[in-house]
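Participant: Fold the following.
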Amino acid sequence: MNVALLVAYDGTDFSGWQVQPNAVTVQETLERALAEVFGVQVRVTGSGRTDAGVHAAGQVCSLPFPEGIAVAPERIADALNTRLPPAVRVLKSVRAPEGFDACRAAKRKTYRYNVYISPREHPLLERYAVRVQGDFDLAALREAAALAEGEHDFAAFSSAGSSAQTTVRTLYSVRAEQGETLGVPTLRMDFCGNGFLYNMVRILAGALLGAGCGKLSLEAVRAALAGGGRELLGKTMPAKGLTLLSVEYGFGLFAEAGG
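Facilitator: This next block holds a predicted model:
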């Protein structure tokens, strides 16, 4: 049978999602747990490859599961969690439609980039957010965010090394909201799109912050979206502020799954 997993992980100590030599990755960790619990050697396909240090609240995976093993699909999650490290948990497991591929079938993905504003590091925020200093103009940041919405060639928002055949992507929404955690001002930026290039969200987050603090003009953002080069934009933000929130498929893949 075909099985889908909903997985959350703290990416701090992983070298990203994809299996690679001499490194601990999320994919390899899940596949090892499957082998230990069920005695099966299968490849787990993720909805996308998160980079080293990137977290996930809603990564979706698919895998072929032998019909001969007597376990209900919804119980696979609990079984795997007995062998997974604390940094990785399978939140739900379900029988998926035949032929379902978590990567190729994905319609939308939503990522969140978290920052907190403080002159000093906060030990309870540092693991999942990036510290910035000084004031910023939320209205200017949101104006830059609005420019990024829609279909664009995001080549300028991608790091070297991308294997994508096209750099055209559609961002359905880019949202920025201020808040507070533990008495510390925070900013979260949510990006929902049909796909993302290598480091695209981290570069977008840096561009929005640059626009918000006056270090990057809206004209530079427009020029980058109009086919300009990477040099028009600011730095690539650190991986630890980025979390894959959710993946959508056009149908309720986990709608009937238990807690």
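
Participant: What helices and strands are in contact with the lengthiest strand in the chain?
Facilitator: With secondary structure taken from DSSP state E, the chain has its longest strand at strand 168-181. In terms of contacts (3 or more C-beta pairs under 8 Å, 6 or more residues apart in numbering; DSSP states H and E), strand 168-181 is packed against helix 138-148, strand 150-153, strand 184-193, helix 200-212. All C-beta atoms are positioned from the backbone trio N, CA, C, and that covers glycine.

Participant: can I get the CA coordinates of stretch 109-126 in CSV?
Facilitator: C-alpha atoms of stretch 109-126 as CSV (Å, rounded to 0.1, in the frame of the first residue of the first chain):
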residue,chain,number,x,y,z
LYS,A,109,3.6,25.0,0.2
THR,A,110,3.7,27.5,3.1
TYR,A,111,6.9,28.5,4.8
ARG,A,112,7.3,30.8,7.8
TYR,A,113,10.4,32.9,8.6
ASN,A,114,10.7,34.0,12.2
VAL,A,115,12.7,36.9,13.6
TYR,A,116,12.8,38.6,17.0
ILE,A,117,13.9,42.1,17.7
SER,A,118,16.4,42.5,20.6
PRO,A,119,19.8,44.0,21.3
ARG,A,120,20.9,40.7,22.9
GLU,A,121,20.4,37.1,22.2
HIS,A,122,17.5,35.3,24.0
PRO,A,123,18.3,31.7,24.8
LEU,A,124,14.6,30.6,24.5
LEU,A,125,14.2,32.2,21.1
GLU,A,126,17.5,31.6,19.3
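
Participant: Quick one: the strands in the chain, in order.
Facilitator: Going by DSSP E, the chain shows strands at 2-9, 45-46, 55-64, 88-95, 108-117, 130-132, 150-153, 168-181, 184-193, 242-248.

Participant: Just confirm Ala96 contacts Thr45, I think it does.
Facilitator: No - in this structure Ala96 lies outside contact range of Thr45 using C-beta atoms under 8 Å: 10.8 Å.

Participant: who has more neighbours, the two?
Facilitator: A count of neighbours by other C-beta atoms under 10 Å puts Ala96 above the other of Ala96 and Thr45, at 25 against 17.

Participant: List the contacts of the residue nearest to Arg142 when sequence neighbours are not counted.
Facilitator: Using C-beta to C-beta, 6 or more residues apart in numbering and skipping the chain neighbours, the partner closest in space to Arg142 is Ala176 (5.5 Å). The contact partners of Ala176, by C-beta atoms under 8 Å, 6 or more residues apart in numbering, come to Leu138, Leu141, Arg142, Ala145, Leu187, Arg188, Met189, Asp190, Leu208.
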